[in-house]
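S.K.: generate a structure from the sequence data that follows.
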Amino acid sequence: MIDTLLQLFLIFMVGTTIATSTIDIDLPRAKSVNAANGEVSRVVVVTIDAGSRIYLDNRPIPRERLQADLRLLLRSSKELTVLLRADKKLLYEQFIQIMAEIRKTGRAGCCLRTIPMRSE
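M.R.: Numbering: from 1, shown residues only. This next block holds a predicted model:
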């Protein structure tokens, strides 16, 4: 269990530096620690903008299709990591509902994208 959590943490840290997107959202800020060792072979990005629109790898999709489309992508490789990017203005309830859809695909969780906070 600890190994899985550590692996997810490392994937999160590396994945946040790899994933880029053209969808304009205002990411929340959070303190983070740099990952020392870890590789991400491929990241599938789920983005939710301030208007609650959902994108899967920069492609807009209806919420009803998220689970099915994501399941198809994840079935192709066990090494895929789901990276969730959500606008900080998004309601918490909507954020949790999307996370629940991602979990229904059979993956234990996903990585969350934030902006590192500046040290003061």
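S.K.: C-alpha from now on. contacts and neighbour counts both.
M.R.: Noted.
S.K.: after the helix-or-strand element of the chain with minimal mean pLDDT, next one along is what?
M.R.: In the chain, no helix or strand scores lower on mean pLDDT, DSSP states H and E than strand 29-30, which sits at a mean of 56. Next in sequence after strand 29-30, counting helices and strands by DSSP states H and E, comes strand 42-48.
S.K.: mind jotting down where the helices sit in this protein?
M.R.: 2-18, 63-75, 92-103 (DSSP state H).
S.K.: can you tell me which of the ones you listed the model trusts least?
M.R.: Among these, helix 2-18 carries the lowest mean pLDDT, at a mean of 62.
S.K.: list the buried ones in stretch 57-77?
M.R.: 57, 66-67, 70-71, 74 (16 or more other Cα atoms under 10 Å).
S.K.: cool, and stretch 102-112?
M.R.: Neighbour count says stretch 102-112 has 102, 105, 109-112 buried, by 16+ other Cα under 10 Å.
S.K.: now do stretch 83-95
M.R.: 83-88, 95.
S.K.: state the pair within those that is farthest apart.
M.R.: Maximum pairwise distance among these (Cα to Cα): 15.4 Å, between 83 and 88.
S.K.: just to revisit the earlier point, dump the buried residues of stretch 102-112 to TSV, plus distance to residue 52.
M.R.: Listed next are the buried residues of stretch 102-112 as TSV, based on distance: Cα to Cα, whole Å:
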residue	distance to residue 52
102	16
105	20
109	20
110	19
111	19
112	17
